[in-house]
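S.K.: Here is the input, now give the coordinates:
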Amino acid sequence: MRRVDEVMGTVVSIDVRNADPAAAEAAVDAAFDLLRQADARFSPFRPDSELSRLDRGELADDELSDDMREVLGIAERARADSDGVFDIHTPDGRLDTNGVVKGWAAQRAADRLAAAGLTDFCLNAGGDIVARGGPEPGRPWQIAVRHPADPMAVIATLEVRDGAVATSGTYERGAHVWDGRTGSRDLPLVAATVVAPDLTLADVLATTVLAMGEDGPAWAMAHGATAVLAVPPA
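M.R.: All right, here's what the predicted structure looks like:
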């Protein structure tokens, strides 16, 4: 079965193979529910979200949800590990957890699918992907990485059986990533793709590589990536 829906400001698809239809349907329902819950909690566009309330100073530390604490902890470790390149505080001081939350939420949704007994699936959240097993016996999932300058062109095809792929780039959303050390959105790369064991890690690493530039791939490999593709400006 395959289902596509819009959630967290992007298109999410879940493709499940080799599973009982009823079990797959229930698991996919639960996975999309988790994504919607994450959107409600972390959306910067909802004034009533926990993130917006925290950003306005309306919540004390002891009032934060476990999910918020977890995401903020991931962000702080990434900031420390990258010497400040990764930072969820925007240049104007606002909180923006998008560099963590999409990958984190999609990984949790994928974990829910696996916990339901599904062994062969591909979850794609706006180009950030968790893959398990394969579409058919003996064949891994084929993950295409689009060319930054041409949405119809592919610069690489990755074979993934049990892992995650995240891409961060400026070619669709513009200058939405910044170097936390300087606040600059004038970045040295136009795209960075990272393969890692899970999507939470891959998403954070891809965002950091995009801002870090030529030192990014080696840094990401030292921090858990299994492959990195960095694309400089043409």
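
S.K.: what pLDDT does R173 get?
M.R.: If you check R173, the pLDDT there is 69.

S.K.: What's the mean pLDDT across stretch 120-134?
M.R.: 97.

S.K.: swap in stretch 223-234?
M.R.: Here the average pLDDT along stretch 223-234 is 95.

S.K.: What is the longest strand anywhere in the chain packed up against?
M.R.: Ranked by number of residues, the top strand in the chain under DSSP state E is strand 150-160. In terms of contacts (3 or more CB pairs under 8 Å, 6 or more residues apart in numbering; DSSP states H and E), strand 150-160 is packed against strand 141-147, strand 191-196, strand 227-231. Every residue, glycine included, has its C-beta placed from N, CA and C.

S.K.: Relative to I88, which of the ones you listed is closest?
M.R.: Nearest to I88 among the helices and strands packed on strand 150-160 is strand 191-196; the distance by CB to CB comes to 17.7 Å.

S.K.: what's the angle between that closest one and strand 227-231?
M.R.: Calculated by axes from the mean of the first three to the mean of the last three CA atoms, to 10 degrees, strand 191-196 forms an angle of 180 degrees with strand 227-231.

S.K.: where's the nearest residue in space to E50 that is not next to it in sequence, which helix or strand?
M.R.: Residue nearest to E50 in three dimensions, not counting chain neighbours: R41, with 4.8 Å by CB to CB, 6 or more residues apart in numbering. Element membership of R41 [criterion: DSSP states H and E] is helix 21-42.

S.K.: which other helices and strands contact whichever helix or strand comes after that helix?
M.R.: Using DSSP H and E, the helix or strand that follows helix 21-42 in sequence is helix 50-55. Judged by 3+ CB pairs under 8 Å, 6+ apart, helix 50-55 is in contact with helix 21-42, helix 66-81.

S.K.: thinking again about what came up before, what is the helix holding R41 packed up against?
M.R.: Counting by 3+ CB pairs under 8 Å, 6+ apart, helix 21-42 packs on strand 2-7, strand 10-17, helix 50-55, helix 66-81, helix 98-115.

S.K.: in the fourth one, what counts as buried?
M.R.: To tie it back to what came earlier, the one meant is helix 66-81. For helix 66-81, burial by neighbour count (16 or more other CB atoms under 10 Å) applies to 67-68, 71-72, 74-75, 78-79, 81.

S.K.: want to try TSV for these, with distance to A131 and pLDDT as columns?
M.R.: Listed next are the buried residues of helix 66-81 as TSV, based on distance: CB to CB, whole Å; pLDDT from 0 to 100:
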residue	distance to A131	pLDDT
D67	24	98
M68	28	98
V71	23	98
L72	28	98
I74	21	98
A75	25	98
A78	23	98
R79	28	98
D81	25	98
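
S.K.: which of these lies closest to L210?
M.R.: Distances from L210 to these, taken by CB to CB, are shortest for A78, at 13.0 Å.

S.K.: Show me what the spatially closest residue to T226 that is not a sequence neighbour is bridged to.
M.R.: Nearest non-adjacent residue to T226, counting by CB to CB, 6+ apart: V195, 5.0 Å away. Beta-bridge pairing for V195 (DSSP bridges): V165, A227.

S.K.: and V195, how many residues sit next to it?
M.R.: Neighbours of V195 under the rule other CB atoms under 10 Å: 21.
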